[in-house]
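# Have a look; sequence and predicted model below, questions after that.
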Amino acid sequence: MFISLTLFSFLVNKNLFAFTNQNYQDILVKKYTRCKLTKENVYLTKKQVNKIKQKINEHASALILRYNNPCNKSRIYIDSNVVRTLNQTVITEVQNNKVLFLKIASFMEPKEYLPPQKWLDQFLETPYEVDTLTGATISENSIKKLVRKYLVIDNISHDKNRKKNI
């Protein structure tokens, strides 16, 4: 009985130990082999920044770094932020107010707080209605906030009624 529980526990938790921190550029090169991504600095207007701040209820930078994917016209955002006391780097690809790709490239917090890829994949279906993540609430909130931030930024920076300011 003990052996089977131990084996079950190992099989369930093996993904925690399988995670390896990666450089986000390496992930982009592997994922987008057929598309030549272009790096872009986006300078948002004061009006756009204020609109973003209102929607996400936190500070927004006027300078955004993103990659454009010419194959499907999506935008890829890279964000490094502090979860509790240590950094994580997240790649978020968005298009038409949908998340197409979401991956944690690096996570410096203890691995038991690392959200599993299966949980991250929920954002691909319904980015605003994602299940809670038991035992990793701060990590969960960090990812939810980040994804919603880039959906808002992408929506506002790609408003078809605005003049191009890039």
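Noted; the coordinates are in hand. Residues are numbered from 1 along each chain as shown.
# where exactly do the helices run in the chain?
Under the criterion DSSP state H, helices of the chain are mapped to 2-18, 24-31, 46-56, 117-120, 122-125, 137-157.
# Can I get the fifth one in PDB? Just the C-alpha atoms.
Provided in PDB are the C-alpha atoms of helix 122-125 (Å, rounded to 0.1, in the frame of the first residue of the first chain):
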ATOM      1  CA  GLN A 122      -7.200  27.100 -19.600                       C
ATOM      2  CA  PHE A 123      -6.300  30.700 -20.700                       C
ATOM      3  CA  LEU A 124      -6.400  29.500 -24.300                       C
ATOM      4  CA  GLU A 125     -10.100  28.700 -23.900                       C
END
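# which residues sit against that helix?
Here helix 122-125 makes contact (CB atoms under 8 Å, 6 or more residues apart in numbering) with 98-102, 130-131, 143, 147. For every residue, glycine as well, the C-beta is placed using N, CA and C.
# and what of stretch 62-82?
24, 28, 32, 34-46, 49, 87-95, 100-101, 105, 142, 146, 149-150, 153-154, 157-158.
# Buried ones among those?
If you count burial by 16 or more other CB atoms under 10 Å, the buried members of the contacts of stretch 62-82 come out as 24, 28, 32, 37, 42, 44, 49, 88-95, 100-101, 105, 142, 146, 149-150, 153-154, 157.
# Dump the contacts of helix 122-125 to a markdown table, plus distance to V82 and pLDDT.
Output for these, formatted as a markdown table (distance: CB to CB, whole Å; pLDDT from 0 to 100):
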| residue | distance to V82 | pLDDT |
| --- | --- | --- |
| K98 | 27 | 96 |
| V99 | 22 | 97 |
| L100 | 26 | 97 |
| F101 | 23 | 97 |
| L102 | 19 | 97 |
| V130 | 21 | 90 |
| D131 | 24 | 90 |
| I143 | 13 | 95 |
| V147 | 17 | 95 |
